[in-house]
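Asks: please find the sequence and the predicted model below.
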Amino acid sequence: ADWSLKDRDGRTALDLATQNGKSELAELLRGYDGKIYFYEPLWHCRWDALRLIGRGGFGEVHEVRTDTGVTCAAKTLRLPVQLGDELPSVSTEIHRAVESENLCRLRHPNIVRFLHIAQPEPATVVVFMELLDGRSLERFIDNQPLDELTIRDFSEQICRALLYLHSRQPPVIHRDINCSNIIVCADNTRIKLIDFGLSIKLEQSSLPKGTLNFMAPELLGAGESDSVQYSRESDIWAFGLLGLPDGVRREAPFANAKSLLEMAQLIDRKGAPALPDGRSAELRDFYSRCTAKDRRRRRPAQELLEHEFLTGRKLQPGFFSSFFSTRK
Ligand SMILES: Nc1ncnc2c1ncn2[C@@H]1O[C@H](COP(=O)(O)OP(=O)(O)OP(=O)(O)O)[C@@H](O)[C@H]1O
C-alpha cells in the first residue's frame, strides 16, 4: 500500500489510518470522490446486498456492505451444475480457476480492484470488487459518439492495462474484452477493465464463451486447426475491434453474421471489419496491427503503446508498407 497517498485535503493515508485506528493490513483505495478509503481484509465476513446493479449471463452484481463495514460490488457466479456432476470436483475446479490467476493481487489504475473471492457454496463463487461509479463503454457510446481523441485516450488506458496483465508471470489473459466489460468512470475520462474471463473458465467447456463478436479468428477455428487457445494475441484482437463501435455505426462487429461459422468465413475471406470512413491514417494503421488475421502478426501491448496513434506523432509516408515486411 502506498501510505504517502494524499486525499484532496492533502492528508496522507498514514495520517488517516492513524487517526482512524486502521491496521496496516487495510488496503488503500482512492475513491472517485477523491477521498481515501480503507478496505479491511474481507476474509470470513458476512455481507448484505444493498442494491442490484445488474444481471449477467452467470449471475448478478450487487452493491453490498460487509459486516466489516466495507461497501463494494459483489458478483455472484453460479455454476450450472447438472444432474450427475460430482460436486467436489466442480468445487475444486472453481477453486483452481479462481486461484490460478491471483486476481486479488492485480493492482493497476485501469483494472478494477478485486478484493476477495469467496465460495459460500460448492457451485457458487462471489467475487468482491471495488465499487465503480460509471457506466459501461457500451452505454457510454450510446449517448455520445466517440471522437478520435477519446478513442485514443481510452485505447491508451486499455493498452496499459493489457501490458500490465500480459507481462505478469504467468501472463494474465482477460479473455472477454468488449464494450460491456469496460467501465467509463463518472469523471468520463478514466476507464477500468472489469469482468475477467472468470465466467468462461467456470463454464468448464472446451468451447470458447467470450462475447462472440469480439472473438479472434483462431478461437473460431478459422485458419488454424489446433485447439482453442486464449492468448495475449486474442486479447489484442478484441481490443482492436473496440475501435469499431465508435458512434458512427454503433453496432457490434459482425452484428449481421448469423452463426459462428459465418463469422469465421467472413474473417477468413475479408479479415477484420473495415473501419468507418473519416478515421485518420494513424488510427487505421493502429487498428490493422491489432486485428491482423494471423495472430503472430498482431503487435504486443508494449509496441502498441509506442504507436503513432497513441503518441500523437504523424506516420511517415511509406511506413505502412514497410511495417509487416520488416517486423515479425
Ligand atoms: N465493480 C463494479 N462496480 C460497479 N458496477 C459493476 C461492477 N462490475 C460489474 N458492474 C456492472 O454490473 C452489471 C452486471 O455485470 P455482469 O458482469 O454480470 O454483466 P455482463 O458483463 O453483462 O454479463 P456476463 O459477463 O456474465 O456476460 C453491469 O452493468 C456492469 O457494468
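Replies: That came through fine. Because the structure is a prediction, the values reported are computed rather than measured.

Asks: could you look up the SS state of P273?
Replies: Under the three-state scheme (DSSP: H, G, I helix; E, B strand; the rest coil), P273 adopts coil.

Asks: now the stretch 1-150 of the chain against the ligand: closest residue?
Replies: For the stretch 1-150 of the chain, the residue closest to the ligand is G56, as judged by Cβ to the nearest ligand atom, at 2.2 Å. Heads up, the C-betas are built off the backbone N, CA and C, glycines and all.

Asks: tell me the buried residues in stretch 117-129?
Replies: Applying a neighbour-count criterion of 16 or more other Cβ atoms under 10 Å, the buried positions in stretch 117-129 are I117, A118, P122, A123, T124, V125, V126, V127, F128, M129.

Asks: from the residues you listed, which ones fall inside helices?
Replies: In helices, judged by DSSP state H, none of the buried residues of stretch 117-129 are found.

Asks: and the furthest pair within these?
Replies: Spatial extent of those (Cβ to Cβ) is set by the pair P122 and M129 at 22.1 Å.

Asks: so what pLDDT did P122 get?
Replies: Looking at P122, its pLDDT reads 70.

Asks: mind starting the numbering at 788 from now?
Replies: Shifting the count to begin at 788 puts that one at P909.

Asks: residue ranges of the helices in this protein, please?
Replies: Secondary structure of the chain (DSSP H): helices at 800-807, 874-887, 924-930, 935-953, 985-989, 1004-1007, 1019-1028, 1047-1057, 1068-1077, 1088-1092, 1095-1098, 1106-1113.

Asks: spell out which parts of this structure neighbour the ligand.
Replies: Residues of the chain lying close to the ligand (Cβ under 6 Å from any ligand atom) are 840-841, 843-845, 848, 860, 862, 899, 916-919, 923, 967-968, 970, 981-982, 986.

Asks: at 5 Å what do you get?
Replies: Applying Cβ under 5 Å from any ligand atom, we find that the chain lies next to the ligand at 840-841, 843-845, 848, 860, 916, 918-919, 923, 967, 981-982.

Asks: on that earlier part again, looking at the helices of the chain, which one has the lowest mean pLDDT?
Replies: Among the helices of the chain, helix 1106-1113 has the lowest mean pLDDT, at a mean of 38.

Asks: sorry, back to before: for the residue of the stretch 788-937 of the chain closest to the ligand, the count of nearby residues, please.
Replies: G843: 14 surrounding residues under other Cβ atoms under 10 Å.

Asks: the one 4 residues further on too?
Replies: Number of residues near E847 (other Cβ under 10 Å) recorded here: 15.

Asks: pLDDT at it, what is it?
Replies: For E847, the model assigns a pLDDT of 91.

Asks: surely it and L839 touch.
Replies: Yes: using Cβ atoms under 8 Å, E847 is in contact with L839, at 6.1 Å.

Asks: quick one: contacts for I840?
Replies: If you count contacts by Cβ atoms under 8 Å, 6 or more residues apart in numbering, I840 has them with E847, V848, H849, E850, A860.

Asks: one more time with 6 Å, if that's ok
Replies: By Cβ atoms under 6 Å, 6 or more residues apart in numbering, I840 lies in contact with V848, E850.

Asks: and stretch 1068-1087, end to end?
Replies: End-to-end distance for stretch 1068-1087: 20 Å, by Cα to Cα, to the nearest Å.

Asks: can I assume A1044 is in contact with Q1052?
Replies: No: taking Cβ atoms under 6 Å as the definition, A1044 is not a contact partner of Q1052, at 8.7 Å.

Asks: so G1027 touches C1077, yeah?
Replies: Yes: under the criterion of Cβ under 6 Å, G1027 makes contact with C1077 at 2.6 Å.

Asks: identify the residues contacting the residue nearest to L1092 when sequence neighbours are not counted.
Replies: Excluding its sequence neighbours, the residue lying closest to L1092 (Cβ to Cβ, 6 or more residues apart in numbering) is C946, at 5.3 Å. Residues in contact with C946 (Cβ under 6 Å, 6+ apart) are A1088, L1091, L1092.

Asks: okay, now the last one: neighbour count?
Replies: In other words, L1092. 16.

Asks: what's the spacing between A1044 and the ligand?
Replies: Note on A1044: its distance to the ligand, by Cβ to the nearest ligand atom, to the nearest Å, is 19 Å.

Asks: what about that residue, how many neighbours?
Replies: By other Cβ under 10 Å, neighbour count at A1044 equals 16.

Asks: let me know the closest of the contacts of C946 to the ligand.
Replies: Taking these together and measuring to the ligand by Cβ to the nearest ligand atom, the closest member is A1088, at 22.3 Å.
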